[in-house]
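okay, sequence plus prediction incoming.
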Amino acid sequence: MESARFASSGTIGVLVADSNQMQCQLLVGALRRRPEFQVVSCAADMDVILPAIAEFPVDVILMNADHPKLGGRDMANVRRLHLAHPNIAKVLVLGESNRDSVVNAFRSGVKGLFCFADHPFRLLCKCIQSVHHGQVWANSQQLQFLLETITQVPALRMVNAGGLTILTPREEQVVALVADGFKFHIPRGYIYFAIVFSAMVELFNVLARRNRNKG
């Protein structure tokens with residue numbers, strides 16, 4: 001782990017977690033030329049990141065999302081880091097972004113996504129300052145991914161004893177709406193209850209027909 005002395009309380013403490021030594025050195029060198037940052041670096045490994053946070057006053061963590069120990073579909077280590085240190089802003093440096101990586105990143109506690117292929121170093125500095133002040137950093141496409149996810153009808157996944165999905169995606173959405181209706185809307189009147197009950201009966205009929213066809 002490479003460290004630097006934190007000389008001023010007015011600066012932003014930045015931890016760069018990247019196991020690509022050359023890439024890490026270039027990024028750390030560029031950040032240290034900015035007087036508003038105090039920078040330390042370490043490998044992209046949770047066993048190294050957590051002790052580094054305990055030793056230095058870190059405000060923002062820059063993490064290489066392409067590293068298998070930090071990135072990946074589930075981003076379990078990013079969530080683990082967020083649960084351990086929720087007050088530290090986290091920025092993922094991406095090679096490229098897609099819907100799943102964007103949604104999973106923000107679900108895991110990330111405050112910013114940055115891609116050097118799309119933006120210059122100057123904007124990375126602005127990104128660090130923004131997330132440090134409680135803002136979210138994402139481009140318009142990434143925000144669109146998040147909005148589409150939020151506005152989708154929720155689905156409840158139903159599986160059989162073998163773990164196989166037994167409903168279509170649309171049917172799973174109907175199940176979610178039925179469950180939501182039982183939870184919130186039954187007190188409003190018998191008419192809504194009848195609609196919900198009818199939907200449940202229809203779903204069970206669909207499942208029964210499929211079981212007969214398989215038999």
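Done, it's in.

and residue 15, what element?
Using DSSP states H and E, residue 15 maps to strand 12-17.

how about the strands in the protein?
Here the chain has its strands, by DSSP state E, at 12-17, 37-42, 60-64, 89-94, 112-115.

possible to save those as a markdown table with mean pLDDT, mean neighbour count and distance to residue 133?
All C-beta atoms are positioned from the backbone trio N, CA, C, and that covers glycine. Converted to a markdown table, the strands of the chain look like this (pLDDT from 0 to 100; neighbours: other Cβ atoms under 10 Å; distance: least, Cβ to Cβ, whole Å):
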| stretch | mean pLDDT | mean neighbour count | distance to residue 133 |
| --- | --- | --- | --- |
| strand 12-17 | 95 | 24 | 10 |
| strand 37-42 | 94 | 23 | 14 |
| strand 60-64 | 92 | 25 | 10 |
| strand 89-94 | 92 | 24 | 9 |
| strand 112-115 | 93 | 21 | 11 |
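
just put those strands in JSON lines and tack on distance to residue 83.
As requested, these are exported to JSON lines (distance: least, Cβ to Cβ, whole Å):
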{"stretch": "strand 12-17", "distance to residue 83": "17"}
{"stretch": "strand 37-42", "distance to residue 83": "19"}
{"stretch": "strand 60-64", "distance to residue 83": "14"}
{"stretch": "strand 89-94", "distance to residue 83": "12"}
{"stretch": "strand 112-115", "distance to residue 83": "18"}
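
where does this protein have its least confident helix or strand?
The weakest-scoring helix or strand in the chain, judged by mean pLDDT, DSSP states H and E, is helix 169-184 (a mean of 62).

adjacent strands (with direction) for the strand holding residue 15?
Sheet pairing of strand 12-17 (DSSP bridges) gives strand 37-42 (parallel), strand 60-64 (parallel).
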